[in-house]
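> Below are the sequence and a predicted model for it; my questions follow.
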Number of protein chains: 2
Amino acid sequence: MAPVTKVNGINIDQLFSTIELLKEQPELAKLKFRATNKWVSGTHSRATVKDFYGPGKEDTSRAPVSFDLDEPEVLLGTNQGTNPVEYLLVALSGCITTTIVAHAAAKKIPLRGIESRFEGDIDLRGFLGMSQEVPVGFQEIRVYFKIDADISDEQKEELVRMGEKYSPVTNTIKNLTPVSVQLEK
Amino acid sequence: MAPVTKVNGINIDQLFSTIELLKEQPELAKLKFRATNKWVSGTHSRATVKDFYGPGKEDTSRAPVSFDLDEPEVLLGTNQGTNPVEYLLVALSGCITTTIVAHAAAKKIPLRGIESRFEGDIDLRGFLGMSQEVPVGFQEIRVYFKIDADISDEQKEELVRMGEKYSPVTNTIKNLTPVSVQLEK
């Protein structure tokens, strides 16, 4: 076996062979991700992630992982979990970080470290249905990245722009993504 | 002390007094939620949630909670965490569930149980920058709710519609939410 070429912990042989494969068989690029949720009590619920679809088949190989969601007491909860909008920021944080790392790897730019912080504004009157003029969701999300690497500030800036441009979670939030919510009887 | 009135585990006295307070002092409705992230290796990073702002002050009372984010091996990862787009579905799941429960509580509708499932479609060619025509984020997210309660199907349908309308995460995803990503030097 040939030695595996890794940059930033990313197997770039696998990365480039994946790109070649998807050029030939674009249907293999179609993935489906999933979660389930069960209400516990009050603002406390528990989500579970296990299976996903792709590439080209159902993948049931992972063990299930569960997450508790709740609100702090001042927001009517029992503080038995991180709240949903905080999980959204967790999602965003991992997504931009991974995107920066993968795109740096593809350019063979080694990174020593990445740290980032995320903050979003919410007006509680939206959730409470007190005003049609107040947005219900995050009004704005601000993201700050520090990159430790032997590259210029311009190259770091370019990596941050790629992280923003190619991050699935960022694009889901920034764009009009349809969410259909149905009742099952 | 008067006994606390709870419906679905929600303290509705606190809920209604919060609404009255926010009518008088709308600035107390302004909340800020946060996360930080530190890259580990490859597609593996670790996010931490602790402080938030609101109502009217910094809240540093919660213990920090950390979350591992990674990708399965078939997606270039080491499978040491749930992936970012799955965390987005976790966020969505808790948010709509809590919104349904709180709005049902405000209407004094008791619920026995809520279960839900979430699925979203992603085309990997977007993330990989292979085509400008392929969306990078979720193309669509489908959500299915089951509600166990002694109410009519019409009332369940109405609760699901409220869950959709007043959920902060749903609105963040469905609408054009600005995300500013900056490099810190």
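Yep, it's here.
> same question for the longest helix anywhere in chain A, mean pLDDT?
For chain A, the helix with the greatest residue count under DSSP state H is helix A:84-106. Mean pLDDT, helix A:84-106: 98.
> check contacts around the residue most central in space within chain A.
By CA atoms, centre = their mean, chain A has its centre lying nearest to A:Ala91, at 3.4 Å. Going by CB atoms under 8 Å, 6 or more residues apart in numbering or on different chains, A:Ala91 touches A:Val169, B:Leu69, B:Pro84, B:Val85, B:Glu86, B:Tyr87, B:Leu88, B:Val90, B:Ala91. (Each C-beta comes from the backbone N, C-alpha and C, glycine too.)
> make it 7 Å
Taking CB atoms under 7 Å, 6 or more residues apart in numbering or on different chains, we find A:Ala91 in contact with A:Val169, B:Pro84, B:Val85, B:Tyr87, B:Leu88, B:Ala91.
> For A:Gly42, state which of those residues is nearest.
A:Gly42 has its nearest neighbour among these in B:Ala91, at 17.9 Å by CB to CB.
> which non-adjacent residue is nearest the closest one?
Leaving aside its chain neighbours, B:Ala91 sits nearest to A:Tyr87 (3.6 Å; criterion: CB to CB, 6 or more residues apart in numbering or on different chains).
> Over to A:Glu157?
Leaving aside its sequence neighbours, A:Glu157 sits nearest to B:Leu183 (CB to CB, 6+ apart; 5.2 Å).
> For B:Asn175, see how far away that neighbour is.
For B:Leu183, the distance to B:Asn175 (CB to CB, to the nearest Å) stands at 26 Å.
> what stretches of chain A score poorly on pLDDT?
A:1-2 (pLDDT under 70).
> Now with 80, please.
Within chain A, the segments meeting pLDDT under 80 span A:1-3.
> mind listing the helices for chain A?
A:12-24, A:84-106, A:124-127, A:153-166, A:168-174.
> Highest mean neighbour count out of these?
helix A:84-106 (a mean of 28; mean count of other CB atoms under 10 Å in any protein chain shown).
> Okay, angle between that one and helix B:84-106 too, please.
Here the directions of helix A:84-106 and helix B:84-106 differ by 170 degrees (axes from the mean of the first three to the mean of the last three CA atoms, to 10 degrees).
> Need the distance between the two termini of stretch A:38-54.
In stretch A:38-54, first residue to last residue: 25 Å (CA to CA, to the nearest Å).
> what's near enough to touch A:Leu124?
A:Leu124 neighbours (CB under 7 Å, 6+ apart): B:Leu22, B:Ala29, B:Leu31.
> Verify the contact between the first one and A:Met130 for me.
Yes - look at B:Leu22 against A:Met130 with CB atoms under 7 Å: they come within range, at 6.4 Å.
> wait, isn't A:Asn175 in contact with B:Gly137?
Yes - in this structure A:Asn175 lies within contact range of B:Gly137 using CB under 7 Å: 6.1 Å.
> Which residue of these two possesses the greater neighbour count?
Higher neighbour count among A:Asn175 and B:Gly137: B:Gly137, with 24 against 16, using other CB atoms under 10 Å in any protein chain shown.
> For chain A, see how far away that one is.
To chain A, B:Gly137 is 3 Å away according to CB to the nearest CB, to the nearest Å.
> Surely that residue and A:Thr177 touch.
Yes - the pair B:Gly137 / A:Thr177 is scored as a contact, 6.0 Å apart, by CB under 7 Å.
> ok, and what's touching stretch A:19-30?
A:Gly54, A:Pro55, A:Gly56, B:Asp121, B:Asp123, B:Leu124, B:Arg125, B:Leu128, B:Met130.
> Give me the subset of these lying in strands.
Members of the contacts of stretch A:19-30 lying in strands (criterion: DSSP state E): B:Asp121, B:Asp123.
> Can you get me a residue count around A:Ser180?
10.
> tell me the contacts of A:Glu71?
Per CB under 7 Å, 6+ apart, neighbours of A:Glu71: A:Thr43, A:Gly77, A:Asn83.
> between those, which has the most around it?
A:Thr43 (30 neighbours).
> Could you pull up phi and psi at it?
phi -90, psi 10 (degrees, to the nearest 10).
> ok, it to B:Glu164 distance?
Between A:Thr43 and B:Glu164 the computed distance is 17 Å (CB to CB).
> And for A:Lys174?
Distance from A:Lys174 to B:Glu164, by CB to CB: 20 Å.
> can you list contacts of stretch A:72-86?
A:42-44, A:68-71, A:120, A:122, A:138, B:10-11, B:14-15, B:33, B:35, B:49, B:55, B:59, B:62, B:65, B:91, B:94-95, B:98, B:102, B:168-169.
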